[in-house]
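*Asks:* here is the input, now give the coordinates:
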Amino acid sequence: MIEESAFIALTDRVLDTIGAALDASESDLDWSENDGVLTIECADGSRIIVNRHMPNRELWVAAKSGGFHFRAEGGAWRDTKSGEELATALERLLQTQGGVVVHLPPLPVGKST
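*Replies:* The predicted structure is shown next:
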């Protein structure tokens with residue numbers, strides 16, 4: 001299992017990458033990041049939350065449609081049930097829940113990405 005400090009650094013990079021993509025998009029989404037929790041507020045007031053889960057070394061996503069757990073494996077952050085990539089899932093959730101199209105770049109999964 002990845003060391004705690006390395007996991008924190010990695011997930012900080014993932015959340016920073018998502019935040020930068022939200023800033024670069026032409027959407028009016030409000031978002032904030034604090035201590036490993038990224039909160040995206042949609043136009044209807046609903047939220048999509050991405051947070052790191054230390055014990056399992058996962059990123060968890062909470063949305064109106066449910067909760068999802070992602071683990072870095074096979075070169076991507078993958079849903080532990082469906083295998084869907086985190087970037088793809090967030091793009092889908094932002095479109096269905098937030099009504100906006102946001103394109104996310106590949107998300108960091110290790111030291112070299």
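*Asks:* give me the distance between the closest residue to Val109 other than its chain neighbours and Gly19.
*Replies:* Closest residue to Val109 apart from its sequence neighbours, by CB to CB, 6 or more residues apart in numbering: Ala72 at 4.4 Å. C-beta: built from backbone N, CA, C; applies to glycine. Using CB to CB, to the nearest Å, Ala72 is found at 18 Å from Gly19.
*Asks:* quick one, which of these two is more surrounded?
*Replies:* Ala72 (22 against 16; other CB atoms under 10 Å).
*Asks:* that one: what's it in contact with?
*Replies:* 2, 10, 57, 78, 109-110 (CB atoms under 8 Å, 6 or more residues apart in numbering).
*Asks:* can you pull the buried residues of the helix or strand that Asp12 is a member of?
*Replies:* Assigned by DSSP states H and E, Asp12 belongs to helix 4-24. With burial defined by 16 or more other CB atoms under 10 Å, the residues of helix 4-24 counted as buried are 7, 10-11, 13-15, 17-19, 21-22.
*Asks:* what's that helix packed up against?
*Replies:* strand 30-34, strand 37-41, strand 47-53 (3 or more CB pairs under 8 Å, 6 or more residues apart in numbering; DSSP states H and E).
*Asks:* the residue sitting nearest the centre point of the chain bridge partners, please.
*Replies:* Computing the C-alpha centroid of the chain and ranking residues by CA atoms, centre = their mean puts Val50 first, at 4.9 Å. In this entry, Val50 is beta-bridged to Leu38, Val61, by DSSP bridges.
*Asks:* and the closest residue to Glu85 other than its chain neighbours, how far is that from Thr11?
*Replies:* Closest residue to Glu85 apart from its sequence neighbours, by CB to CB, 6+ apart: Ala76 at 4.8 Å. Ala76 sits 14 Å away from Thr11, going by CB to CB.
*Asks:* now do the contacts for the nearest residue to Met1 once chain neighbours are set aside.
*Replies:* Using CB to CB, 6+ apart and skipping residues adjacent in sequence, the residue nearest Met1 is Arg57, 5.9 Å away. Neighbouring residues of Arg57 by CB under 8 Å, 6+ apart: 1-2, 7, 71-72.
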